[in-house]
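In: got a sequence here, can you model it:
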Amino acid sequence: MSKALQNQLAKTIKEQGDMARDMAIAELKDLKKDLLELEKALTTKKTPDQGLLMDISHGAFELFRTASIVLETDNLQVQLQQAVESGKDLEYLEKKGAILLTKPEGWHWFTPKGEMLFLAAPGDTRLAAQKLQERITRKVPAKPAPKPQAPPKAPPISSED
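Out: Reported below is the predicted structural model:
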């Protein structure tokens, strides 16, 4: 999925969630007013209007519906972000040559020397990508410089001339 498409999708989900949030807040305010009217009617021992009772039950249902949409869009945004990260990890693994094997099961990578290294279990693409990145970017310890060979000692010069 392209970056522009991801951004547009996230923006649309956020806008829908914000619109539902605004509707839920407005419905909550209307419901509070209706409940206050009902409280006044009940404290004055006046019989509440049937329309008021219908408004309260309808308002509660609308509040439930819009609040559910808000929660669902928040959940979708989190899932979208996780999917984007998982996709990046998978792309990184494939780009660097990691392979998802069935036997031995899991993510594996072959070093330039031909060693097969286990990175992570099949479902852990995040962990596999992290381990591969650590493996690739780690500095190979420098081999100690060979000690300079001391020049062979020349035989002592004799003064027997």
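
In: how are the strands of this structure distributed by residue range?
Out: With DSSP state E, the ranges of strands along the chain come out as 99-102, 105-110, 116-120.

In: which helices and strands does the last one pack with?
Out: Other helices and strands packing on strand 116-120, by 3 or more CB pairs under 8 Å, 6 or more residues apart in numbering; DSSP states H and E, are strand 105-110, helix 125-137. Every residue, glycine included, has its C-beta placed from N, CA and C.

In: and for the second one?
Out: Using 3+ CB pairs under 8 Å, 6+ apart as the contact criterion, the elements in contact with strand 105-110 are strand 99-102, strand 116-120, helix 125-137.

In: dead centre of the chain: give me the residue that sits there.
Out: Relative to the mean C-alpha position of the chain, the nearest C-alpha, by CA atoms, centre = their mean, is the one of Q82, at 3.5 Å.

In: burial of L76, as a residue count?
Out: Per other CB atoms under 10 Å, the neighbour tally for L76 reads 16.

In: and the spatially closest residue to it that is not a sequence neighbour, what's its pLDDT?
Out: Sequence neighbours aside, I13 is the residue nearest to L76 in space, at 5.2 Å (criterion: CB to CB, 6 or more residues apart in numbering). With respect to pLDDT, I13 has a value of 91.

In: give the contact list for I13.
Out: T73, L76, Q77, L80 (CB atoms under 8 Å, 6 or more residues apart in numbering).

In: are any of those buried, and which?
Out: Buried members of those, counted by 16 or more other CB atoms under 10 Å: T73, L76.

In: looking at the contacts of I13, which are in helices?
Out: Of the contacts of I13, the ones assigned to helices by DSSP state H are T73, L76, Q77, L80.
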